[in-house]
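K.L.:
what follows is a predicted structure for the sequence shown.
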Amino acid sequence: MDLARYLVDAVVLEGRSYREVARAHGVSKSYVGKVVARFREGGYEALAPRSRAPRRIPHRTPDALEDEIVALRKELTELGVDAGALTIAYHLSLRHAQVPSVSTIWRVLRRRGFVVPEPHKRPRSSWVRFEAQLPNECWQSDVTHWRLRDGTEVEIVNFIDDHSRLAVGSRVLSRATAPVVLEVFRQAGERWGLPAALLTDNGCVYTTWHRGGPNVMQTELLALGIDHRHSRPYHPQTCGKVERFHQTMKAFLTRQPAATSIGELQDQIDRFCAYYNEIRPHRSVGRRPPRVAFEARDKARPSGPKIRVGAGVRVRRDRIDKGGKVTLRHGTRLHHIWVGHAHKGKRVTMLVDGLDVRVISDGGELLRRLTLDPTRDYQPRAS
């Protein structure tokens, strides 16, 4: 404004020409004429800098649509479910033929104060992801904790389908035990079909191999021919899908009135699962509800050998090493059992009944049977 006022005074008060003043101060003659015209219309106040923003932006999102975006954000947040730009875009697509892009919705939320930009995170390209190709190809399961209104701690066991993210089973328990978790698994199998594999951590409700024998869950999976897979100890990322489901569920429960009983909490979880499976669009399955993704493809089925495990029989899962051997601990001593170089790398099940040992492939083939010699670390090769 100081330069503009100087130019005006030089022309109006001193009577200097536009050309002379423009040349002396390195500006154009038209600019001098413009500020003088503004002065004559509105005085010195008219010389203040004016906004260069256009008076009308043809492609700007209408205020009514911005208000609808904000209303959806508040509604989803109050419900305790995902309220990001992608989810809002999905819900808008159910109401309108044309919807703004996800980036536009994000900018609206940021402009209205609902989103605070975060520092750069680890790039998605650095993640190592895996996903089952078919529904029921693999389920994931885990147990998490929650508290009732009076502080009583309860446990929630969840089963989800790895491919579609469908919540196939979710039960509130005063204490999770292997028989009850197996009951939840059976009910889920009756409704959705049995999976070909089950991925869990090494919790005692899922496995007791480290205690010397199988529990009811392992025995049932062996009998059904279902491959039981385990995550690496202290590595919850392996079961990341069900771990993420825990977070989504707890975000919902946090927005609900604190439950006073297991039954009331179960009702809240049932409502959440119905919304999660039938309505909520899931980013990892093409912004479709998990139920839609689950029903879009044929279902996998158990294909492993069906092994009946008797009482007193110990079961061990292992992989034949590059030397063609598997290892087995008997008492306090580790024994090495030769199977054969031709089978190296194969996953096997060892059924141990006292000193009788059977090594069975995942295809049900008996690779070796022997009577263990407790006095020898390396068992003799089969004759």
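P.N.:
Cool, got the structure. Computed from a predicted model, the values in this text were never measured in an experiment.

K.L.:
please count neighbours and contacts with C-alpha atoms only from this point.
P.N.:
Noted.

K.L.:
flag every buried residue along stretch 301-310.
P.N.:
Residues of stretch 301-310 classed as buried by neighbour count (16 or more other C-alpha atoms under 10 Å): Arg301, Pro302, Gly304, Pro305, Lys306, Ile307, Val309.

K.L.:
so how far is His341 from the first one?
P.N.:
Meaning Arg301. 31 Å (C-alpha to C-alpha, to the nearest Å).

K.L.:
with the fourth one instead?
P.N.:
In this structure, Pro305 lies at 22 Å from His341, with C-alpha to C-alpha as the measure.

K.L.:
what of the third one?
P.N.:
Spatial separation of Gly304 from His341 under the definition C-alpha to C-alpha is 23 Å.

K.L.:
again, but for Val157
P.N.:
Distance, Val157 to His341, by C-alpha to C-alpha: 41 Å.

K.L.:
the more surrounded of those two?
P.N.:
Per other C-alpha atoms under 10 Å, whichever of Val157 and His341 has more neighbours is Val157, with 22 against 13.

K.L.:
surely that one and Val168 touch.
P.N.:
No. Using C-alpha atoms under 8 Å, Val157 is not in contact with Val168, being 11.0 Å away.

K.L.:
buried residues in stretch 65-85?
P.N.:
By neighbour count on 16+ other C-alpha under 10 Å, the buried set for stretch 65-85 is 66, 69-70, 72-73, 76-77, 79-85.

K.L.:
with stretch 95-102 instead?
P.N.:
For stretch 95-102, a neighbour-count test (16+ other C-alpha under 10 Å) marks Val99, Val102 as buried.

K.L.:
restrict it to CA atoms and write it as CSV.
P.N.:
Presented in CSV, the C-alpha positions along stretch 95-102 are these (Å, rounded to 0.1, in the frame of the first residue of the first chain):
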residue,chain,number,x,y,z
ARG,A,95,-27.5,-41.6,-2.1
HIS,A,96,-26.2,-39.7,-5.2
ALA,A,97,-25.4,-40.7,-8.8
GLN,A,98,-22.3,-38.5,-8.7
VAL,A,99,-20.1,-38.1,-5.6
PRO,A,100,-17.0,-36.1,-5.0
SER,A,101,-13.6,-37.8,-5.0
VAL,A,102,-12.1,-39.2,-1.8
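
K.L.:
other residues contacting that stretch?
P.N.:
Thr61, Ala85, Leu86, Ala89, Leu92, Ser93 (C-alpha atoms under 8 Å, 6 or more residues apart in numbering).

K.L.:
what is the nearest of those to Asp362?
P.N.:
Sorting the contacts of stretch 95-102 by distance to Asp362 puts Leu86 at the head of the list, at 42.1 Å, by C-alpha to C-alpha.

K.L.:
how about the closest one, what does it touch?
P.N.:
With contacts defined as C-alpha under 8 Å, 6+ apart, the neighbours of Leu86 are Val102, Arg283.

K.L.:
from Arg171, how far out is it?
P.N.:
29 Å.

K.L.:
repeat that for Phe159.
P.N.:
Remark: distance between Phe159 and Arg171 (C-alpha to C-alpha) = 9 Å.

K.L.:
can you check Arg297 too?
P.N.:
Counting by C-alpha to C-alpha, the gap from Arg297 to Arg171 is 27 Å.

K.L.:
which of the two has more neighbours?
P.N.:
Just comparing Arg297 and Arg171: by other C-alpha under 10 Å the higher neighbour count belongs to Arg171, 19 against 12.

K.L.:
surely that one forms part of a helix?
P.N.:
No. Arg171: not assigned to a helix; according to DSSP: H, G, I helix; E, B strand; the rest coil it is strand.

K.L.:
could you find the closest non-adjacent residue to Val36?
P.N.:
Excluding its sequence neighbours, the residue lying closest to Val36 (C-alpha to C-alpha, 6 or more residues apart in numbering) is Val8, at 5.5 Å.

K.L.:
please identify the helix or strand for that neighbour.
P.N.:
Secondary structure assignment for Val8, by DSSP states H and E: helix 2-12.

K.L.:
from the contact counts, what lies against that helix?
P.N.:
The contact analysis (3 or more C-alpha pairs under 8 Å, 6 or more residues apart in numbering; DSSP states H and E) places helix 2-12 against helix 18-25, helix 29-42.

K.L.:
what's the most buried one of those helices?
P.N.:
Mean neighbour counts were compared across the helices and strands packed on helix 2-12 using mean count of other C-alpha atoms under 10 Å; the top stretch is helix 29-42, at a mean of 16.

K.L.:
identify the residues contacting that helix?
P.N.:
Contact with helix 29-42 is made by 4, 7-8, 11-12, 18-19, 21-23, 45-47, as judged by C-alpha under 8 Å, 6+ apart.

K.L.:
now do the strands in the stretch 251-383 of the chain.
P.N.:
With DSSP state E, counting those that start in this stretch as the definition, the stretch 251-383 of the chain shows strands at residue ranges 314-319, 325-330, 333-338, 347-353, 356-361, 366-371.

K.L.:
comparing those, which yields the minimum mean pLDDT?
P.N.:
Note on the strands of the stretch 251-383 of the chain: lowest mean pLDDT is at strand 314-319, with a mean of 80.

K.L.:
give me the contact list for the one helix or strand Val181 maps to.
P.N.:
Assigned by DSSP H and E, Val181 belongs to helix 178-192. Contacts to helix 178-192, defined as C-alpha under 8 Å, 6+ apart, come from residues 157, 159, 168-171, 194-195, 204-206, 215-217.

K.L.:
can you do 10 Å?
P.N.:
Defining contact as C-alpha atoms under 10 Å, 6 or more residues apart in numbering, one finds that helix 178-192 is touched by 135-136, 141-143, 156-161, 166-171, 173, 175, 193-195, 203-208, 215-218, 220-221, 294, 299.
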